[in-house]
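S.K.: What follows is a predicted protein model with its sequence.
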Amino acid sequence: MRKHLQRFISLCLIGIIALTAFGAMQSHVEASPETQTGVGFIRFANATVTGGDVDVYLDNRLIANKLFNVVGYFTFYSGDHTVVFTTPAGAEIASATLSLANATRMTATLIGAGADSQVVVTVDNATPPVRNLTRVAYVNAVQGSGDQDIRVNSESVASLGFGEVSEATEVVAGSYSVALGSSPASDIVLSPGRYYLVFFVGDSASPAPRIVQLTGRPYRVSGTNRFRFMNLVEVPEGAEEVTYDVYVNADPIAVYAGIRYGEATNEVVVTPGNYTFEVYATGTSPDGGTPVVTTTLDIAEDQSLFMLLTGTPEEVNLDLFADDLTPVPVNTARLQVMNLTSIIPNFGLVSQNGITLIEEVSRGSLASANVPGGLYDLTLVDSSDPSATVGRAEVNAPAGSIATLIIYGTDRQRWTWFNEPVEQVASVRFAHAAPDSPSLDFYLDGDLVLNNLNYLDFTDYLTLSAGSYELTVYPGDVTPAEGVEPIWRDQLTITANNFPLTLVALGTDNFRVNAFADNIELIPLDQARVRFIHAVRNVPGMSVINSASGDVLAGILAYGQGSDNLNLNANTRTFNFSDGQGNVYYRIESFELVKGNYYTFIVVGDAADPTTFGYILIQVQP
């Protein structure tokens, strides 16, 4: 790959952003800024009777593949959206239309079974509860049930029919016994500072519904300087569990109360400064008790600390980790993995689509990688022998988040995970597909950002911050100071989260720059993602055909238009390119699609001269 990049001069451009299309860009780029008034957040859940895998689409775009519990939150523009749950084979199960308000969190959950399936949409109250309280709402997802009382600690708190949701209420954090109607009760644990949706799932013939419990953390008030705790103090088998309370700067009220083994707390946002942390076994306190561990720390601006209680009840240790808060590319998450188990010394992580995400996480250490946002079913492999499986774990890593996965345990391998938001940066790359055009220089607000991009060349992604910029393109041998008018001028507007963009220079007499949204979501198992862009002059329409099967992969594309992003089985293929009359004028022979890779083929040339046919191949692994 040939790349031509110049460092940004005065553009150290990083922010929470995404890109909209230029005024002259193609129709498949998402809606223009004039129609986008804000963003909200949606997560998707599966609380069906059988619990089988489902696929989730929002506005005809695949959001989650083989969802078996919950995924999200994902960022979408505010407004009306249609969510559809389907079987993995593509048969629709149920759908719903929701109206997403700016800065609102919503949950769309599939419940029921068969013809009685439906989508329950809830607005999540994500405001922070009062200290040591939590917020909870209940959902009757027992198919065929009439109105049923929701009983909490034997008291009725609501009467709900199938698909109905109770009002969210704040309660003291702790353990509760919950039941639907006359069915046996189940125990749930509600941690402080969170909000919960608790589903009673089953059918009218079920002796006792199962509980599906969704949780979320409230909006952070402000700032990225924060801390959280987790209890990994090992208690011998058969011994009574020990929970812990955390006090800060001699405050008589615990910041965290009753942290159980394996539980990670919510975050506390603080101003930068010096803090003394005292940890007490629950039942003791600063009023006459002795802390099991004490530490004093300076928390700096934009510093996120994760404090682990380890060791034994007789000797509690406090281990400290700092999160990497640097921004991630758009539609990407940062996966952080901690190896805190004595069972697996060193392991690597392989995703459900067979891609190695992290090669090695040694004992007692943290490793990280940027990954496509999504729900992961991970295989842990021996670092010294990647063919040997040593464990598994699951983690939800929505785009724009840090997903921290902790592997722990001494008697057996356990895992837990949690998310926290992180800034995303918009990503833009350039490709030159304009034959007979000179090398090109690209300017933003008069600053040179890309120098001498030659025909058939392309770049890596560049990052930009939110704002509006004037994009101008000049031949590579001139500068704006010489008074030459640009060959292209347009406005680049950077707004909320979006897909990365590939900007392609096209045409010669009718020069233009078109934008194409790059789909870097998780690619299904044993598949590759492929997209085709028509840049062949004097061919009014281009179709792409799978040579072996005759299947049309892309219908008639106009010049400068791109196909959909297609997930294809990873194998060797020949692609035929035909004009609007069905005549094959070019083919790509025996191209090997490697699983997990995303390929963009920009087909170039001039029909008047077949020797000019070729393609620009841009290949990435999401």
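M.R.: Right, received. Where do you want to start? For clarity, every value in this text was computed on a predicted model and none was experimentally measured.

S.K.: in the strand or helix carrying Glu394, what's buried?
M.R.: Using DSSP states H and E, Glu394 falls within strand 385-397. For strand 385-397, the neighbour count (16 or more other Cβ atoms under 10 Å) marks 390-391, 393, 395-397 as buried. The C-beta positions use only the backbone N, C-alpha and C, and glycine is treated the same way.

S.K.: Quick check: the two most widely separated of these?
M.R.: Val390 and Asn396 (22.1 Å; Cβ to Cβ).

S.K.: Look at Val395 and report its pLDDT.
M.R.: For Val395, the pLDDT comes out at 90.

S.K.: Does it touch Tyr376 like I think?
M.R.: Yes - contact criterion Cβ atoms under 8 Å: Val395 and Tyr376 qualify, at 5.1 Å.

S.K.: Overlap in contacts, these two.
M.R.: Applying Cβ atoms under 8 Å, 6 or more residues apart in numbering, one finds that Val395 and Tyr376 are jointly contacted by Leu335.

S.K.: Can you tell me the SS state at the residue lying farthest from the centre of the chain?
M.R.: Farthest-out residue of the chain from its mean C-alpha position, per Cα atoms, centre = their mean: Gly288, at 46.6 Å. Here Gly288 is coil, with the state taken from DSSP: H, G, I helix; E, B strand; the rest coil.

S.K.: need the contact list for the nearest residue to Pro386 once chain neighbours are set aside.
M.R.: Closest residue in space to Pro386, ignoring its immediate chain neighbours: Gly348 at 6.0 Å, by Cβ to Cβ, 6 or more residues apart in numbering. By Cβ under 8 Å, 6+ apart, the contact set of Gly348 is 356, 358-361, 380-383, 386.

S.K.: hmm, back to that, tell me the confidence at the residue farthest from the centre of the chain?
M.R.: Looking at Gly288, its pLDDT is 85.

S.K.: Including distance to Asn452, could the buried residues of strand 385-397 go into a markdown table?
M.R.: Listed next are the buried residues of strand 385-397 as a markdown table, based on distance: Cβ to Cβ, whole Å:
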| residue | distance to Asn452 |
| --- | --- |
| Val390 | 50 |
| Gly391 | 50 |
| Ala393 | 47 |
| Val395 | 43 |
| Asn396 | 44 |
| Ala397 | 38 |
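
S.K.: so which of those comes closest to Gly174?
M.R.: Asn396 (24.9 Å).

S.K.: so the closest one makes contact with Trp417?
M.R.: Yes - counting by Cβ under 8 Å, Trp417 is a contact partner of Asn396 at 6.9 Å.

S.K.: which residues do these two both contact?
M.R.: Common neighbours of Asn396 and Trp417 (Cβ under 8 Å, 6+ apart) are Ala403.

S.K.: ok, Glu482 to Phe511 distance?
M.R.: 19 Å (Cβ to Cβ, to the nearest Å).

S.K.: Looking at the two, which one has more neighbours?
M.R.: Phe511 (15 against 8; other Cβ atoms under 10 Å).

S.K.: can you pull out the strands in the stretch 1-150 of the chain?
M.R.: Secondary structure of the stretch 1-150 of the chain by DSSP state E, counting those that start in this stretch: the strands cover 18-19, 39-48, 54-58, 61-67, 70-77, 79-86, 92-100, 105-112, 118-124, 133-143, 148-152.

S.K.: Quick check: which of the ones you listed is buried the most?
M.R.: strand 18-19 (a mean of 26; mean count of other Cβ atoms under 10 Å).

S.K.: Format the strands of the stretch 1-150 of the chain as a markdown table; extra columns: distance to Ala185 and mean pLDDT.
M.R.: Compiled in a markdown table, the strands of the stretch 1-150 of the chain are given as follows (distance: least, Cβ to Cβ, whole Å; pLDDT from 0 to 100):
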| stretch | distance to Ala185 | mean pLDDT |
| --- | --- | --- |
| strand 18-19 | 46 | 28 |
| strand 39-48 | 19 | 89 |
| strand 54-58 | 29 | 92 |
| strand 61-67 | 28 | 84 |
| strand 70-77 | 24 | 80 |
| strand 79-86 | 30 | 94 |
| strand 92-100 | 29 | 95 |
| strand 105-112 | 21 | 95 |
| strand 118-124 | 23 | 96 |
| strand 133-143 | 13 | 92 |
| strand 148-152 | 7 | 94 |
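
S.K.: between these, which one is nearest to Val473?
M.R.: Nearest to Val473, of all the strands of the stretch 1-150 of the chain, is strand 18-19, at 16.7 Å by Cβ to Cβ.

S.K.: My read is that Ala141 contacts Ser204, right?
M.R.: No - counting by Cβ under 8 Å, Ala141 does not reach Ser204; the two are 12.0 Å apart.

S.K.: Met307: which element?
M.R.: strand 304-312.

S.K.: Give me every residue in contact with that strand, excluding its own residues.
M.R.: 224-235, 244, 259, 267, 277, 279, 293, 297, 299, 316-323, 325, 340, 404, 420.

S.K.: Give me the contact list for the following helix or strand past it.
M.R.: The helix or strand immediately downstream of strand 304-312 is strand 315-322, counting by DSSP H and E. Identification of contacts with strand 315-322 by Cβ under 8 Å, 6+ apart yields 233, 244, 277, 279, 292-293, 295, 297, 303-311, 338, 366.

S.K.: Could I get the strands of the stretch 1-150 of the chain in a markdown table, plus columns for distance to Asp441?
M.R.: As requested, these are exported to a markdown table (distance: least, Cβ to Cβ, whole Å):
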| stretch | distance to Asp441 |
| --- | --- |
| strand 18-19 | 20 |
| strand 39-48 | 33 |
| strand 54-58 | 39 |
| strand 61-67 | 35 |
| strand 70-77 | 33 |
| strand 79-86 | 38 |
| strand 92-100 | 40 |
| strand 105-112 | 44 |
| strand 118-124 | 48 |
| strand 133-143 | 55 |
| strand 148-152 | 66 |
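
S.K.: Indicate which one of the ones you listed is closest to Arg587.
M.R.: strand 61-67 (29.0 Å).

S.K.: Show me what the closest one pairs with in its sheet, parallel or antiparallel.
M.R.: Strand 61-67 has these partner strands in its sheet, going by DSSP bridges: strand 54-58 (antiparallel).

S.K.: tilt between the partner strand and strand 70-77?
M.R.: 10 degrees (axes from the mean of the first three to the mean of the last three Cα atoms, to 10 degrees).

S.K.: contacts for strand 54-58?
M.R.: Under Cβ under 8 Å, 6+ apart, the answer for strand 54-58 is 42, 44, 46, 48, 62-68, 71, 74, 76, 81-88, 90, 93, 108, 110.

S.K.: again, 6 Å this time
M.R.: With Cβ atoms under 6 Å, 6 or more residues apart in numbering as the test, strand 54-58 has contacts from 44, 46, 63-65, 67, 81, 83-86, 88.

S.K.: helices or strands up against the helix or strand Arg587 falls within?
M.R.: Assigned by DSSP H and E, Arg587 belongs to strand 584-592. When contacts are defined as 3 or more Cβ pairs under 6 Å, 6 or more residues apart in numbering; DSSP states H and E, strand 584-592 sits against strand 572-578.
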